[in-house]
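In: here's my sequence, what's the structure:
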Amino acid sequence: MHKRGFIKTYLLSTLLAVGMTSMAAPTTFKAKLDSASLLMGKQVAMQIEIVQDSNVSGYIPINEGDTLTDKVEIVGWRKSDTTDLGNNRVQINKELILQSFDSGLYTLPPVLYVVGKDTFRTNKLTLKVVPVQVDSLKNIHDYKTVQKPNTKWTDFLPDFITDYWWAILIGLLLLLAGIYMYIRHQQGKSLLPPILPKKQLLPPYEEAMGALAGLKSANLWQSGQEKEYYTQLTDILRRYICRRFEINAMEMTSSQLLSMLTAEEAAPVKDELRKILEVSDFVKFAKMRPLADENEQAFASAVKFIEETKPVEIVPPEKQEDGKNTADKKETEAKKEK
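Out: Okay, the predicted model is just below:
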């Protein structure tokens, strides 16, 4: 009986020991600061210790650039070491680097460690940030690197130029335009250059004879358009007189035109012009219908007036001599042929 009881007790103890060994040991998560006080601008390390089974995997949800409080920044992780404790247990040590630029006493919130659905928290820590004395600024080397500002050439201009550049530009353009117009005016040139070249006008005689040829081919009076015929005929004569004798004939009445036409070369054919103007006035204002002979005579008179008053081309003496020599040469050659 005693032997059987001993065996049962031994087996029960063995099973209990095996069961306790097979149960997962708890995870511990602790943190402490290397120093409870910190000089403003300096850095301090938070030592984090994790003890857990070797087959457990977790993570700390902290990244570089995060903050524990609005005054304490996380610079980043410095190192991580893992130590085997035996019995399927490991110890993980991490260093979290903190920095603050504002003096004061700060309570740091717990750091979290997430394993599956479980979350572990460290104990709360207190950090005192001490102000920096002016003399000690020379010894601070842990400030973050100051980046040079990205400056542009416009940053060196006065504010009124960058704010009202468009008004200044318009003013400069107007000033340049004024200087340009002043220079052209002083030189006696047109203020604005011509956009298109002026159309070359024919001489008064050629223009008038061309217009008469066009009027003749239109056959206006032959088709009963006597008024239009005489209107165009007198307009051709008035324009010719305007350009040939520099008289504003287009704006004058017939009597005014005849009284103003005092040029010597127009005297022999002035009566021809008077007859044309009289017939034209009767046709346009009294609705007279001239005979065919009168229409043809008016046209012939207009041609005669223009032919008799056209400018006489003055031939230089050199050309006259050349022309005479040419005529003499032709006459001599003709005699030789005979």
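In: of all the residues in stretch 201-220, which ones are buried?
Out: Counting neighbours by 16 or more other CB atoms under 10 Å, one finds that the buried residues in stretch 201-220 are 204, 205, 208, 209, 211, 212, 215, 220. (C-beta placed from N, C-alpha, C; glycine too.)
In: show the contacting residues for residue 287.
Out: Residue 287 makes contact with residue 227, according to CB atoms under 8 Å, 6 or more residues apart in numbering.
In: host element of residue 90?
Out: strand 89-100 (DSSP states H and E).
In: switch the buried residues of stretch 201-220 over to TSV; also include secondary structure and pLDDT.
Out: As requested, the buried residues of stretch 201-220 are exported to TSV (DSSP: H, G, I helix; E, B strand; the rest coil; pLDDT from 0 to 100):
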residue	secondary structure	pLDDT
204	helix	92
205	helix	93
208	helix	93
209	helix	93
211	helix	95
212	helix	94
215	helix	93
220	coil	92
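In: let's have those in a markdown table, adding distance to residue 84.
Out: Formatted as a markdown table, those follow (distance: CB to CB, whole Å):
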| residue | distance to residue 84 |
| --- | --- |
| 204 | 122 |
| 205 | 124 |
| 208 | 124 |
| 209 | 124 |
| 211 | 121 |
| 212 | 126 |
| 215 | 124 |
| 220 | 125 |
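In: from those, pick the one nearest residue 82.
Out: residue 211 (113.6 Å; CB to CB).
In: and the nearest residue to that closest one once chain neighbours are set aside, how many neighbours?
Out: Among residues not flanking residue 211 along the chain, residue 236 sits closest, at 4.5 Å (CB to CB, 6 or more residues apart in numbering). The number of residues packed near residue 236 is 20, by other CB atoms under 10 Å.
In: now do residue 236 against residue 102, distance only.
Out: Separation of residue 236 from residue 102 (CB to CB, to the nearest Å): 101 Å.
In: which stretches of this protein form helices?
Out: Counting by DSSP state H, the chain has helices at residues 2-22, 159-163, 165-186, 204-218, 226-245, 254-260, 270-285, 292-309, 317-337.
In: residues touching residue 305, list them.
Out: Applying CB under 8 Å, 6+ apart, the residues near residue 305 are 237, 266, 269, 272, 273, 276.
In: at 7 Å instead, please
Out: Taking CB atoms under 7 Å, 6 or more residues apart in numbering, we find residue 305 in contact with 237, 269, 272, 273.
In: can you redo these as TSV, where the extra columns are neighbour count and pLDDT?
Out: Converted to TSV, the contacts of residue 305 look like this (neighbours: other CB atoms under 10 Å; pLDDT from 0 to 100):
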residue	neighbour count	pLDDT
237	23	93
269	16	86
272	19	89
273	22	90
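In: which members of these are the farthest-apart pair?
Out: The farthest-apart pair in the contacts of residue 305, when distances are taken by CB to CB, is 237 and 269, at 11.0 Å.
In: give the contact list for residue 284.
Out: With contacts defined as CB under 7 Å, 6+ apart, residue 284 is in contact with 227, 230, 231.
In: only the buried subset of the residues you listed, as a ChimeraX command please.
Out: Restricted to buried positions by 16+ other CB under 10 Å, the ChimeraX selection for these reads:
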select :227,230
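In: now the contacts of residue 284 in a markdown table, with distance to residue 76 and pLDDT?
Out: Output for the contacts of residue 284, formatted as a markdown table (distance: CB to CB, whole Å; pLDDT from 0 to 100):
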| residue | distance to residue 76 | pLDDT |
| --- | --- | --- |
| 227 | 106 | 93 |
| 230 | 107 | 93 |
| 231 | 102 | 94 |
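In: so where's the chain shaky on pLDDT?
Out: 1-24, 64-65, 134-150, 160, 188-198, 313-338 (pLDDT under 70).
In: got the domain ranges for it?
Out: Following automatic domain parsing, one finds the domains of the chain at 28-132, 152-191, 204-309.
In: for this protein, give the strand that spans the most residues.
Out: strand 72-86 (DSSP state E).
In: would you mark the buried spots in that strand?
Out: Residues 72, 73, 74, 75 are the ones in strand 72-86 that count as buried (16+ other CB under 10 Å).
In: how about the contacts made by the last one?
Out: Spelled out, it's residue 75. 43, 64, 97, 98, 99 are the contacts of residue 75 under CB under 7 Å, 6+ apart.
In: I'd say the third one and residue 48 touch.
Out: No: under the criterion of CB atoms under 7 Å, residue 97 lies out of contact with residue 48, with a separation of 11.5 Å.
In: closest to residue 109 among the buried residues of strand 72-86?
Out: Closest to residue 109, out of all of the buried residues of strand 72-86 and judged by CB to CB, is residue 72, at 9.8 Å.
In: right, I'll leave it there.
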